[in-house]
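Enquirer: predicted coordinates and the sequence they were generated for:
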Amino acid sequence: MEEGVVNEILQGPLRDVFDTKQLITDISGSGNNWAVGHKVFGSLYQDQILEKFRKSAEHCDCLQCFFIIHSMGGGTGSGLGTFLLKVLEDEFPEVYRFVTSIYPSGEDDVITSPYNSILAMKELNEHADCVLPIDNQSLFDIISKIDLMVNSGKLGTTVKPKSLVTSSSGALKKRHKKPFDAMNNIVANLLLNLTSSARFEGSLNMDLNEISMNLVPFPQLHHLVSSLTPLYTLTDVNIPPRRLDQMFSDAFSKDHQLLRADPKHSLYLACALMVRGNVQISDLRRNIERLKPSLQFVSWNQEGWKTSLCSVPPVGHSHSLLALANNTCVKPTFMELKERFMRLYKKKAHLHHYLQVEGMEESCFTEAVSSLSALIQEYDQLDATKNMPVQDLPRLSIAM
Amino acid sequence: MRMVSRLVRSLNRTEALVGVWRQGLAVLPRLVWNPWAQVILPPRPPKVLGLQVVFRGNTPSLWLSMSIVTVQLGQCGNQIGFEVFDALLSDSHSSQGLCSMRENEAYQASCKERFFSEEENGVPIARAVLVDMEPKVINQTLSKAAQSGQWKYGQHACFCQKQGSGNNWAYGYSVHGPRHEESIMNIIRKEVEKCDSFSGFFIIMSMAGGTGSGLGAFVTQNLEDQYSNSLKMNQIIWPYGTGEVIVQNYNSILTLSHLYRSSDALLLHENDAIHKICAKLMNIKQISFSDINQVLAHQLGSVFQPTYSAESSFHYRRNPLGIDRHVRPPLSGLPPLSKMSLNKDLHFNTSIANLVILRGKDVQSADVEGFKDPALYTSWLKPVNAFNVWKTQRAFSKYEKSAVLVSNSQFLVKPLDMIVGKAWNMFASKAYIHQYTKFGIEEEDFLDSFTSLEQVVASYCNL
């Protein structure tokens, strides 16, 4: 809802990729206010946006899925973004809605980000098929780690000049500036790997609708923690390819997750492994057998693995792995968010900015926080079953 | 023949050992209610898969063979289907037949007639219908076949959509099925009409996914309605115990219970078992699905290629093979055969019926007496009826001697029981059920499936 970013894209190297008729901008922005984004701009632009969606959909032979990419902490992405989710659900009910959400980290500079996030989360819980939560802090940590490895000369790495890594390593030195380009590159790679099996051939394909089918056992438990290996692009850094098995181990380490979470020590509901490159089914199975004992799966899904093999590796790598986990490790993130929300809400800080928007009432806030509490409780209940022994339930008995 | 005695010993095991014999081609016939009907060779022409050929007179041109139409469903079905046709044709062209030229020609002609149709420019066209709900695999399969230069698929023999089935049995069965019923059945009908003498369908599908399993069950049901006099044999791939599809147990029980009502014979094949063969017997280091599919195709080829009757060496027999004879073939002789350890335990899997197919050198002198031991069979079926052997001098593929055992026995109980158990545990927590009810498969349908499969398990246990 402000022109700066869109204009920058239109002047950049990818300007020809985007259809200029499919852009909507406004001038003033949403002021980091979910209510403005959702209620004001929502109603203002609803028709226009719907029109453009319909046009895009008409160009498709077979529309399968929408990708919504936004942040939770701001006003437009968070507010207008979740408004659109509802519109898409009404207009295209059979099309899957995949949402990549950037959650605000602890030192976020937007004070009202907890409000925006929790108001948005309620919408996500109700209208999204699948949510991939990511937070800036994790991305930043990953970039720092790469930077460290590059600069310390470990692994005999050499950095190519004018690479994404070097251009941002200078930025790391300036404490207040974040290397957003490099961080966003990681998320971009996530989405690339997610769709790779749908775009390229492989011996075991996995489509986007299969992600939802296999990883969402109950409609509200649709948050998937993602991790990518390897993390740096070889076009930037010359490193010897890591051993295949190491790649699998990395995917489960907490340093490689795109959210502050430790899936290894929490309960798995389901896990998907999407492999690209010259990897065969025996490699995949060997690694699953190897890693299984150290992971805890919920009792009714002890073998909850979904796998896919795509023959084409990403550019610059010989193989790569994307792991998506439906795991109770998202709970701490949500609980922290709720705490920050309550700290503000108890003092009614900044509330008037929201309440003065037409259609906003205090009940919106209370409903949003209770929806989040219910979700946290679901995860709690699952966690409670964590160390219980797996019991075989009595089967149907047949009279012969 | 040492090979045969090993086969006999294999029936004496409770556990399926890794080995030549442990292929998962097992069949669940509809035996529960009326076993006697299948034992007696009925006076009217029974459903015949026409695995054998009548060869009248001395001239090869007077042979009569029955054709099989293959329906390949989903990624698994199509990938395997390609390997099967490839294996059949390359065996047919093999130069080491170890038999007379006339026999070889009859064999080749019979194989061709059964699985391929007349070529326009010299390239045989597979009698197959390819079905998938997304285009990548079919395109790959078509081009691989064309590239071989030896054979190809028919131009209009495919049916394809774009969005896939999402590993959802309900989507394959309740959405894709009715929506595309007419188109798919039309293509199948055209393929059937091309056959001079049509015998039945060979349907290749997996149980774990959405298209092969759900749409496969739907198509088989339709085939039963429209072609009730023809044999329908389903080749089903049993998924790996871990690490394929999370909802594979649900998809499997829904598939099996539905197929049980409409299919005549189910050849079951386990990924785990073939994986072990590749690893331990064939010493393949990095096993790919292509390796696995080739091993499977090899097995199926050695079952389906023409065989002689016992009576006269000039007649390929038309065997009125009832459905209860179809069971599980272990792998044909792989060189070198590893030594089997004899299990001293007296427990063994009771068989309903067994079929041994021997090919190659010294078949006539092979001793199959071990298979006629009544201890191997149930009390209500005498070995003379339950056991059959087919012998053919013409060797299969590159093997001087090969043997296949097709067995209908209690072998199946353990894997089936395991899948039902896992699906039941998941069902009790209602996980993923909303994905199925979204498309019209309700909890009652699940319960029906559980009930019918528990009955199958119980029936087999009571043999």
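Expert: The structure has been received and is ready for your questions.

Enquirer: name the nearest residue to the residue in the stretch 151-300 of chain A that chain B sits nearest to, sequence neighbours excluded.
Expert: Nearest residue of the stretch 151-300 of chain A to chain B: A:N209, at 3.3 Å (C-beta to the nearest C-beta). In this view, the C-beta of every residue, glycine as well, is placed from N, C-alpha and C. Distance criterion C-beta to C-beta, 6 or more residues apart in numbering or on different chains; nearest residue to A:N209, sequence neighbours excluded, is B:G166 at 3.3 Å.

Enquirer: same question, B:D132
Expert: B:D132 sits nearest to B:I138 (C-beta to C-beta, 6+ apart), 5.0 Å away.

Enquirer: so the one you found touches B:K162, yeah?
Expert: No - contact criterion C-beta atoms under 8 Å: B:I138 and B:K162 do not qualify, at 11.5 Å.

Enquirer: what do those two both touch?
Expert: With contacts defined as C-beta atoms under 8 Å, 6 or more residues apart in numbering or on different chains, no residue is adjacent to both B:I138 and B:K162.

Enquirer: A helix includes A:G74, no?
Expert: No - assignment of A:G74 by DSSP: H, G, I helix; E, B strand; the rest coil gives coil, placing it outside any helix.

Enquirer: how about it, nearest residue that isn't a chain neighbour?
Expert: Using C-beta to C-beta, 6+ apart, the closest residue to A:G74 is A:N32 (5.4 Å).

Enquirer: do the same with B:N168
Expert: B:G210 (4.7 Å).

Enquirer: residues of stretch B:128-145 that come out buried?
Expert: Residues of stretch B:128-145 classed as buried: B:128-134, B:136-138, B:140-142, B:145 (neighbour count, 16 or more other C-beta atoms under 10 Å in any protein chain shown).

Enquirer: among those residues, which pair sits farthest apart?
Expert: B:M133 and B:A145 (20.2 Å; C-beta to C-beta).

Enquirer: what's around B:G421, how many residues?
Expert: 15 (other C-beta atoms under 10 Å in any protein chain shown).

Enquirer: by contact count, what packs against the helix or strand harbouring it?
Expert: B:G421 belongs to helix B:413-428 when assigned by DSSP states H and E. Helix B:413-428 is packed against helix B:248-262, helix B:443-461, with contacts defined by 3 or more C-beta pairs under 8 Å, 6 or more residues apart in numbering or on different chains; DSSP states H and E.

Enquirer: partners of the longest strand seen in chain A, with directions?
Expert: Assignment by DSSP state E gives strand A:267-277 as the longest strand of chain A. Strand A:267-277 has its sheet partners listed here by DSSP bridges as strand A:296-297 (parallel), strand A:305-310 (parallel), strand A:319-327 (antiparallel).

Enquirer: got those as a markdown table, with mean neighbour count and mean pLDDT columns?
Expert: Below are the strands paired with strand A:267-277 laid out as a markdown table (neighbours: other C-beta atoms under 10 Å in any protein chain shown; pLDDT from 0 to 100):
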| stretch | mean neighbour count | mean pLDDT |
| --- | --- | --- |
| strand A:296-297 | 19 | 90 |
| strand A:305-310 | 24 | 91 |
| strand A:319-327 | 25 | 91 |
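
Enquirer: list the contacts for the closest residue to B:L130 other than its chain neighbours?
Expert: By the measure of C-beta to C-beta, 6+ apart, the closest residue to B:L130 outside its immediate chain neighbours is B:C158, 4.4 Å from it. Going by C-beta under 8 Å, 6+ apart, B:C158 touches B:V129, B:L130, B:V131, B:D132, B:I138, B:L142, B:I187.

Enquirer: just B:S262 next, same as before
Expert: Counted by C-beta under 8 Å, 6+ apart, B:S262 has contacts B:A217, B:T220, B:Q221, B:L223, B:E224, B:K232.

Enquirer: quick one: pLDDT of A:G31?
Expert: You'll see A:G31 listed with a pLDDT of 81.

Enquirer: whoops, A:D129 was the one
Expert: Reported pLDDT for A:D129: 92.

Enquirer: quick check: it touching A:Y96?
Expert: Yes - look at A:D129 against A:Y96 with C-beta under 8 Å: they come within range, at 4.7 Å.

Enquirer: and for those two, which residues touch both?
Expert: Listed as contacting both A:D129 and A:Y96 by C-beta under 8 Å, 6+ apart are A:S212.

Enquirer: pretty sure the residue nearest to B:N168 contacts B:Q163?
Expert: No - between B:G210 and B:Q163 no contact is recorded; they are 10.7 Å apart, counting by C-beta under 8 Å.

Enquirer: can you count the residues close to the residue nearest to A:D250 when sequence neighbours are not counted?
Expert: The shortest distance from A:D250 to any residue other than its chain neighbours is 4.3 Å, reached at A:T229 (C-beta to C-beta, 6+ apart). Close neighbours of A:T229, defined as other C-beta under 10 Å, add up to 20.

Enquirer: and the gap between A:T229 and A:L194?
Expert: Separation of A:T229 from A:L194 (C-beta to C-beta, to the nearest Å): 14 Å.

Enquirer: and if you look at B:P374?
Expert: 59 Å.

Enquirer: more crowded one of these two?
Expert: Here B:P374 and A:L194 are compared on neighbour count by other C-beta under 10 Å; more neighbours surround A:L194, at 23 against 12.

Enquirer: next up, the contacts around that one.
Expert: Taking C-beta under 8 Å, 6+ apart as the criterion, A:L194 is in contact with A:L208, A:I211, A:M274, A:L322, A:L324.

Enquirer: okay if I get those residues as TSV plus distance to B:K152?
Expert: Below are these laid out as TSV (distance: C-beta to C-beta, whole Å):
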residue	distance to B:K152
A:L208	32
A:I211	35
A:M274	33
A:L322	36
A:L324	39
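
Enquirer: among those residues, which one sits closest to B:F304?
Expert: A:M274 (36.2 Å).

Enquirer: what's around A:G316, how many residues?
Expert: 13.

Enquirer: ok, A:N278 next?
Expert: 15.

Enquirer: ok, it touching A:H317?
Expert: No - using C-beta under 8 Å, A:N278 makes no contact with A:H317, being 10.6 Å away.

Enquirer: which residues of the chain fall in strands?
Expert: Picking chain A for this. Applying DSSP E to chain A gives strands spanning A:65-71, A:96-103, A:130-135, A:158-159, A:225-229, A:237-238, A:267-277, A:296-297, A:305-310, A:319-327.

Enquirer: meant chain B, my bad for not saying
Expert: B:54-55, B:63-64, B:67-73, B:116-117, B:125-126, B:128-132, B:152-153, B:158-160, B:198-206, B:231-238, B:265-270, B:351-360, B:387-392, B:401-409.

Enquirer: name the helices or strands packed onto the third one?
Expert: Judged by 3+ C-beta pairs under 8 Å, 6+ apart, strand B:67-73 is in contact with helix B:74-92, helix B:101-115, strand B:128-132, helix B:177-193, strand B:198-206, helix B:216-226.

Enquirer: could you measure from B:V295 over to B:L281?
Expert: Distance from B:V295 to B:L281, by C-beta to C-beta: 9 Å.

Enquirer: okay, those two: which has more neighbours?
Expert: Higher neighbour count among B:V295 and B:L281: B:V295, with 24 against 18, using other C-beta under 10 Å.
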